[in-house]
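*Asks:* this one's structure only:
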Ligand SMILES: Cc1cc2nc3c(=O)[nH]c(=O)nc-3n(C[C@H](O)[C@H](O)[C@H](O)COP(=O)(O)O)c2cc1C
Ligand code: FES
């Protein structure tokens, strides 16, 4: 046996896999063998690093060299040059988008340097399919400590003291929620992990499940002990096959080693976990709809109270938390609430994982302490706006969050500060928008999402969002009327107050926040019939400039004969006939047609 | 899993397997230019890896480097113990490896007759 001197970590998260990381891994296995290094170099499959855009990712230790966009063809060179001779393959290193500086080391990349990874600590550094690696980094010690050294009351108290709040959107204090479920007297109780992750663009829960599945099992088992439950369900969307597979492997391994099952740590505590695949309706992420779905009924919300802690799954007391919430639990138990409280703000402790997308240079998962500013996330971690464009807004909190303007970039973000400015933490989606974005169009986009995902059970949500969407649509088509803004505000208020579940209660948020911060854009659409960003097609005005050579191609192409003019002279478009299809613009050989 | 102590003992055992990915103590750096390989650097490397395995020194980090232009002294092997100067040994043969690891890596005693260079505290 030899000392294994180098580990080659190949990302096997969903993003990198779809970019071909399996072939890269096989190529490494093959090439390492061919070079006679099989005894001294080990290839390890890991979960997602949250930087999928640059995948497939390969990290070589002990140096911690970060290779991005690696293909199977690159592998022989890495093996020969780096693993055999100790020379990095420079062309595959990562370059900072703003400075173009070459950064060899994983830990020096700005995207990671400013992060504080607690939840994602092991995502990308351990093999998620080997329980041994989880144990090697301290896994299941939280469960062991809770079961052998603490009473259930003490566990609940510790979680309360940590200040942990639900990461699934609402931000409800987790310890308090556990204490409710604990107080309910019943011989059967359940723990549910909400892994439905329905927000478009969000993938933090998936990454944790794929990259560190044991952490979730551990968090759930600790919860089971605390509230007195012996059975747990993970409700995970069927669109996450890899997460489901890794969870199954993890459950099997944890059972085999006695971290799940009967009499865990000789404490008399029993706990088993099942996986329930959800079919991916957004509303099924809502806790009462989710439980209905597990019971085999249609996934529709019901009024609360009774809260799940009193009457949940099959009418039994149930505690339901989000994936990221559970992922925080083991370290709180191991290191204590005081340790955890050092991260974050007064009322929002710990970190939050955000999914950065949109017009930003580095898209991916960023875990940061609560209280960080949006500017730090977007510029320091995200590397700024694409193509040197100007920042316009950031949509935070998923489809029912809000759009915040530039003036709020320096707001320290936590649950309460975001709610105060009309957005919300939500699950942590962050969509960055540049100057070319029309805010009315954005509001329409998000409302369209919630409207189509509305389950239809209550009238305010079913009818109200539909009417609001109609109004937004007519505004973007140049048919906006005087009084539409007030009508939108009025309806939004009513829907928020009367809808049955969180979906309806938050659906108007994107409209309200854009009205609050970008009202002038609505006014331009309604009063001037103009889209300032030039996005709304139906309001576009096509004009022919003096670059026109009078070739007549546009007039021939126009499907409604809106263009006239004599040959070799500047043509004109009759705005009354023009249907804004843009065909003229795309055929003009002289780029003489503008859209505004 | 019966007790928390069982788990902690198991962790101790498994910890070494992922040490390469974490911050480690002493570093051994072996010159691996084409010339060094011709001079037997691969054999020295194997000897180092074998010896580390035998002694279960899994927090020693082994790296390679390219040719540094001292080809007549090959094979070159550097040892850097935390907070100590970087010591370069020259003309290292596989047979010297046991001694370097026992005396220097483990016990911090520099083997003067093999030293060809000393650099104070590199970063
Ligand atoms: C329409 C709707 C969708 C939701 N989707 C999710 C989801 O995908 N994941 C999630 O964890 N919570 C979701 N929630 C929140 C859950 O109802 C519930 O509050 C949460 O799972 C509680 O866990 P926490 O306290 O750990 O945040 C959703 C709520 C609503 C109203
Ligand atoms: S899947 Fe590899 S970084 Fe996300």
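*Replies:* Thanks, I have it. The structure displayed is predicted, hence computed values, not measured ones. Numbers count the residues shown, from 1 in each chain, chains lettered A, B, ... in the order given. Ligands and ions are numbered 1, 2, ... in the order given.
*Asks:* who in the stretch 451-596 of chain A is up against ligand 1?
*Replies:* Proximity of the stretch 451-596 of chain A to ligand 1 (CB under 6 Å from any ligand atom) is limited to residues A:501-503. Just so you know, the C-beta spots here come from the backbone N, C-alpha and C atoms, and that holds for glycine as well.
*Asks:* Tell me which entries of the residues you listed lie within strands.
*Replies:* Among those, no member is found in strands (DSSP state E).
*Asks:* May I see those organised as TSV, with neighbour count and pLDDT added?
*Replies:* Converted to TSV, these look like this (neighbours: other CB atoms under 10 Å in any protein chain shown; pLDDT from 0 to 100):
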residue	neighbour count	pLDDT
A:501	22	93
A:502	18	92
A:503	25	94
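*Asks:* any chance of those in CSV, with distance to chain B too?
*Replies:* Below are those laid out as CSV (distance: CB to the nearest CB, whole Å):
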residue, distance to chain B
A:501, 41
A:502, 39
A:503, 42
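*Asks:* So which residues of chain B form strands?
*Replies:* Here chain B has its strands, by DSSP E, at B:27-31, B:61-65, B:77-80, B:86-89, B:115-119.
*Asks:* Of all these, which one is nearest ligand 2?
*Replies:* Ligand 2 sits nearest to strand B:61-65 of all the strands of chain B, at 25.0 Å, using CB to the nearest ligand atom.
*Asks:* which ones are touching the residue in chain B that chain A sits nearest to?
*Replies:* Chain B approaches chain A most closely through residue B:64 (2.7 Å), counting by CB to the nearest CB. Residues in contact with residue B:64 (CB atoms under 8 Å, 6 or more residues apart in numbering or on different chains) are A:84-86, B:29-32, B:45.
*Asks:* same thing but 7 Å
*Replies:* A:85-86, B:30, B:32 (CB atoms under 7 Å, 6 or more residues apart in numbering or on different chains).
*Asks:* Ok, residue A:557 next?
*Replies:* Applying CB under 7 Å, 6+ apart, the residues contacting residue A:557 are A:583-584, A:587.
*Asks:* Among the residues you listed, name the buried ones.
*Replies:* Buried members of the contacts of residue A:557, scored by 16 or more other CB atoms under 10 Å in any protein chain shown, are residue A:584.
*Asks:* a markdown table for the contacts of residue A:557, including pLDDT, distance to residue A:122 and secondary structure?
*Replies:* Formatted as a markdown table, those follow (pLDDT from 0 to 100; distance: CB to CB, whole Å; DSSP: H, G, I helix; E, B strand; the rest coil):
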| residue | pLDDT | distance to residue A:122 | secondary structure |
| --- | --- | --- | --- |
| A:583 | 92 | 54 | helix |
| A:584 | 94 | 56 | helix |
| A:587 | 94 | 55 | helix |
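*Asks:* Name the residue closest to the centre of chain A, please.
*Replies:* By CA atoms, centre = their mean, chain A has its centre lying nearest to residue A:202, at 2.1 Å.
*Asks:* Please report phi then psi for that one.
*Replies:* Here is the backbone geometry of residue A:202 (degrees, to the nearest 10): phi -90, psi 140.
*Asks:* okay, the strands of chain B in JSON lines with mean pLDDT next?
*Replies:* Output for the strands of chain B, formatted as JSON lines (pLDDT from 0 to 100):
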{"stretch": "strand B:27-31", "mean pLDDT": "92"}
{"stretch": "strand B:61-65", "mean pLDDT": "90"}
{"stretch": "strand B:77-80", "mean pLDDT": "94"}
{"stretch": "strand B:86-89", "mean pLDDT": "93"}
{"stretch": "strand B:115-119", "mean pLDDT": "86"}
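*Asks:* and these as TSV, adding distance to residue A:55?
*Replies:* Shown next, in TSV, are the strands of chain B (distance: least, CB to CB, whole Å):
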stretch	distance to residue A:55
strand B:27-31	30
strand B:61-65	26
strand B:77-80	33
strand B:86-89	36
strand B:115-119	38
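*Asks:* looking at those strands, which is closest to residue A:161?
*Replies:* Proximity to residue A:161 (CB to CB) singles out strand B:61-65 among these, at 39.2 Å.
*Asks:* Okay, now the sheet partners of that closest one, with direction.
*Replies:* Strand pairing for strand B:61-65, using DSSP bridges, gives strand B:27-31 (parallel).
*Asks:* Quick check: pLDDT value at residue 68.
*Replies:* All of this is about chain A. Looking at residue A:68, its pLDDT is 96.
*Asks:* ah, no, chain B please
*Replies:* 73.
*Asks:* and the nearest residue to it once chain neighbours are set aside, what does it touch?
*Replies:* With sequence-adjacent residues excluded and distances taken as CB to CB, 6 or more residues apart in numbering or on different chains, residue B:68 is closest to residue B:31, at 6.3 Å. Residue B:31 sits next to B:41, B:65, B:67-68, B:74-76 when contact means CB under 7 Å, 6+ apart.
*Asks:* Repeat that for residue B:35.
*Replies:* B:67, B:71, B:74.
*Asks:* just to revisit the earlier point, could you tell me which of the residues of the stretch 451-596 of chain A next to ligand 1 belong to helices?
*Replies:* A:502-503 (DSSP state H).
*Asks:* what about residue 78, neighbour count?
*Replies:* In the absence of a named chain, chain A is used. Residue A:78: 24 surrounding residues under other CB atoms under 10 Å in any protein chain shown.
*Asks:* that's the wrong chain, I wanted chain B
*Replies:* With other CB under 10 Å as criterion, residue B:78 counts 20.
*Asks:* cool, residue A:134 as well?
*Replies:* By other CB under 10 Å, 27 other residues sit near residue A:134.
*Asks:* Confirm for me that it is in contact with residue A:123.
*Replies:* No: under the criterion of CB atoms under 7 Å, residue A:134 is not in contact with residue A:123, lying 11.6 Å apart.
*Asks:* residues in the stretch 251-400 of chain A within reach of ligand 1, list them.
*Replies:* Applying CB under 6 Å from any ligand atom, we find that the stretch 251-400 of chain A lies next to ligand 1 at A:282-283, A:285-287, A:320-322, A:325.
*Asks:* Go through those and name the one nearest residue A:181.
*Replies:* For those, the residue nearest residue A:181 by CB to CB is residue A:320; the value is 9.1 Å.
*Asks:* Compare the strands of chain B and give me the one nearest residue B:20.
*Replies:* Residue B:20 lies closest to strand B:61-65 among these, at 7.2 Å (CB to CB).
*Asks:* Measure how far the closest one is from the centre of its chain, please.
*Replies:* The chain centre lies 7 Å from the centre of strand B:61-65; the measure is CA atoms, centre = their mean, to the nearest Å.
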